[in-house]
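Build me a structure from this.
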Amino acid sequence: MAQRQIDILMYHSVSDRGGATAINAATFAMQMEILVASGVPVVTLDDLIEARTTAPRSVILTFDDGFQDFADIAWPVLERHRLPAMVYLPVDHVGRSENWRGIASPPRRLMDWATIRRLADAGCHFGSHTLSHPALPALAPADLERELTQSRRIIEDRLSRDIRHFAPPYGLADARVRAAIGRAGYATSVSTRLASATSDSDPMDLPRIEMFYFQHRARWSAHLAGRGQGYLSRRRLLRTVKSRLMVPWMGL
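Model (predicted):
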């Protein structure tokens, strides 16, 4: 059987803040319009792990950090197109502003629980992005377990639904961390490794497509049409170099 290709798209902020973790509103709207026009089905992580989709090509939308601009800007676009999305929440920062390494200046505000509940009731999906947004490989076992289990429990209590999906901050998850994620009861964990997932991908190490690299209409259209592998390979090489530089920056 041929492998299925699943592009798990990675977003953070949808705003004019600039930098690699922000896509402006017009660009995001363009990306969604082209995605819908392409006919490539947009599915959920639950669809993926439960094999509810057999399409040869599909897309999953994910957003890290739960910024307020998701509710203000991204969600209305997604709702208009009836597109499902997963938002990963760093629980201790809900209703506050980002304060981890690499943040925007001034810091961006995160959604509060009332907003998150409203979106969940409207069909948005939520997962854990830990409690405090730490670099997980640097944590002692007890602290790692706390970040994984308590964040999941709090979101479940707040939203009255199972939380099955996880995103490690900075995309940092070695074999020890991935094993702990599985023990904590998550069904999937996504990375920042730049690639398409396949039906054979490890559910605890799913690669994603960083949408900062697809802000040009022609480039995004070509990717969805299956003609973007050369560009993706070049970006992947640069991403690998950046990741190797980030590990000492994180103090690991």
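
only C-alpha atoms for contact and neighbour calcs from this point on.
Will do.

And the residue positioned nearest the centre of the chain, which helix or strand is it part of?
Taking Cα atoms, centre = their mean as the criterion, T62 is the residue nearest the geometric centre of the chain, at 3.6 Å. T62 belongs to strand 57-64 when assigned by DSSP states H and E.

any idea of the mean pLDDT in that strand?
The pLDDT scores in strand 57-64 average 97.

likewise stretch 150-166?
For stretch 150-166, the per-residue pLDDT averages 98.

low pLDDT regions in the stretch 1-150 of the chain?
1-2 (pLDDT under 70).

which residue ranges form the helices in it?
Secondary structure of the stretch 1-150 of the chain (DSSP state H, counting those that start in this stretch): helices at 25-38, 45-49, 68-69, 75-81, 113-121, 141-159.

Would you reformat these as a markdown table and include distance to W100 and mean neighbour count?
Below are the helices of the stretch 1-150 of the chain laid out as a markdown table (distance: least, Cα to Cα, whole Å; neighbours: other Cα atoms under 10 Å):
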| stretch | distance to W100 | mean neighbour count |
| --- | --- | --- |
| helix 25-38 | 24 | 16 |
| helix 45-49 | 27 | 17 |
| helix 68-69 | 16 | 20 |
| helix 75-81 | 24 | 15 |
| helix 113-121 | 20 | 15 |
| helix 141-159 | 15 | 17 |
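
Make a markdown table from those helices and add distance to Q215 to it.
Shown next, in a markdown table, are the helices of the stretch 1-150 of the chain (distance: least, Cα to Cα, whole Å):
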| stretch | distance to Q215 |
| --- | --- |
| helix 25-38 | 6 |
| helix 45-49 | 24 |
| helix 68-69 | 18 |
| helix 75-81 | 16 |
| helix 113-121 | 26 |
| helix 141-159 | 32 |
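
so which of those helices gets nearest D16?
The closest of those to D16 is helix 25-38. By Cα to Cα, the value is 7.4 Å.

could I have that closest one exported to PDB, CA atoms only?
Coordinates of each C-alpha in helix 25-38 appear next as PDB, following Å, rounded to 0.1, in the frame of the first residue of the first chain:
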ATOM      1  CA  ALA A  25      -3.500  38.300   8.600                       C
ATOM      2  CA  ALA A  26      -3.500  38.800   4.800                       C
ATOM      3  CA  THR A  27      -0.900  36.100   4.300                       C
ATOM      4  CA  PHE A  28      -2.800  33.600   6.500                       C
ATOM      5  CA  ALA A  29      -6.000  34.300   4.700                       C
ATOM      6  CA  MET A  30      -4.300  33.700   1.400                       C
ATOM      7  CA  GLN A  31      -2.700  30.400   2.600                       C
ATOM      8  CA  MET A  32      -6.100  29.100   3.700                       C
ATOM      9  CA  GLU A  33      -7.900  30.200   0.500                       C
ATOM     10  CA  ILE A  34      -5.300  28.400  -1.600                       C
ATOM     11  CA  LEU A  35      -5.500  25.300   0.700                       C
ATOM     12  CA  VAL A  36      -9.300  25.100   0.300                       C
ATOM     13  CA  ALA A  37      -9.000  25.700  -3.500                       C
ATOM     14  CA  SER A  38      -6.500  22.900  -3.800                       C
END
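
Now do that helix: distance to the chain's middle.
17 Å (Cα atoms, centre = their mean, to the nearest Å).

correct me, but T130 touches L144?
No. Counting by Cα atoms under 8 Å, T130 sits too far from L144 to count as a contact (9.2 Å).

Could you report the neighbour count for the nearest residue in space to L83 that is not next to it in sequence?
Nearest residue to L83, sequence neighbours excluded (Cα to Cα, 6 or more residues apart in numbering): V42, at 6.6 Å. By other Cα atoms under 10 Å, 21 other residues sit near V42.

now V42: how far from R109?
Computed as Cα to Cα, to the nearest Å, the V42 to R109 distance reads 28 Å.

W220 now?
Distance, W220 to R109, using Cα to Cα: 29 Å.

residues in contact with F212?
Taking Cα atoms under 8 Å, 6 or more residues apart in numbering, we find F212 in contact with Y11, A20, T21, A22, I23.
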